[in-house]
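Novice: All I have is the shape, not the residue letters:
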C-alpha cells in the first residue's frame, strides 16, 4: 500500500485511492465516453499486435474471448484516465455535477464491508 503522507510531504503529490469495483461499476453501467472508446479501439487494432499464443490448443482463448479482453482493457484504461483527469463527455461528469449541487447521492453498486466493520466495532466495544 502506498503511504500517502510520504507522497504528500516528501514528493508533494496528492494520492487518491479507488476500489477496483469502481471500474466494474462504470463498465457495467456504461459510464464512459463512447466516442473516445471507439477511437481507442481503432488505435488498438492498428498499433497493438498480438503475439503468437503458445498455449496448447485446449488452453488457448477463443477469438471472441480475446476481443472481449481487449475491450475491457481499453475501457479500464479510459476509466483510469477519466478518474485522473476527468472527461466532460462521460455520464459520470453529469453525476458529479448533480452531486455537487446536492441533488444526488452515489448509489451503492455492490455490498460494501461497512456493515461488517460496524458489527465488529459493536462486538469489540462490548468485549472491552
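Specialist: Here it is on my side, so go on. Keep in mind the model is a prediction, meaning the values are calculated, not measured.

Novice: if I pick residue 76, what's in contact with it?
Specialist: Neighbouring residues of residue 76 by CB atoms under 8 Å, 6 or more residues apart in numbering: 23, 27. Just so you know, the C-beta spots here come from the backbone N, C-alpha and C atoms, and that holds for glycine as well.

Novice: Which strands or helices does the particular helix or strand that has residue 38 in it pack on?
Specialist: Taking DSSP states H and E as the definition, one finds residue 38 inside helix 34-47. Contact here means 3 or more CB pairs under 8 Å, 6 or more residues apart in numbering; DSSP states H and E; on that basis helix 34-47 packs against helix 63-85.

Novice: Now do the same for the helix it packs on: mean pLDDT, whole number.
Specialist: On average, the pLDDT along helix 63-85 is 89.

Novice: Give me the buried positions along that helix.
Specialist: Across helix 63-85, burial judged by 16 or more other CB atoms under 10 Å covers 74-75, 78-79, 82.

Novice: can I get these in JSON lines with distance to residue 30?
Specialist: Formatted as JSON lines, the buried residues of helix 63-85 follow (distance: CB to CB, whole Å):
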{"residue": "74", "distance to residue 30": "14"}
{"residue": "75", "distance to residue 30": "10"}
{"residue": "78", "distance to residue 30": "12"}
{"residue": "79", "distance to residue 30": "11"}
{"residue": "82", "distance to residue 30": "13"}
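
Novice: Between those, which sits nearest residue 8?
Specialist: Nearest to residue 8 out of the buried residues of helix 63-85 is residue 82 (CB to CB; 23.0 Å).

Novice: pretty sure the closest one is in contact with residue 23, am I right?
Specialist: No: applying CB atoms under 8 Å as the test, residue 82 and residue 23 come out as separate, 10.5 Å apart.
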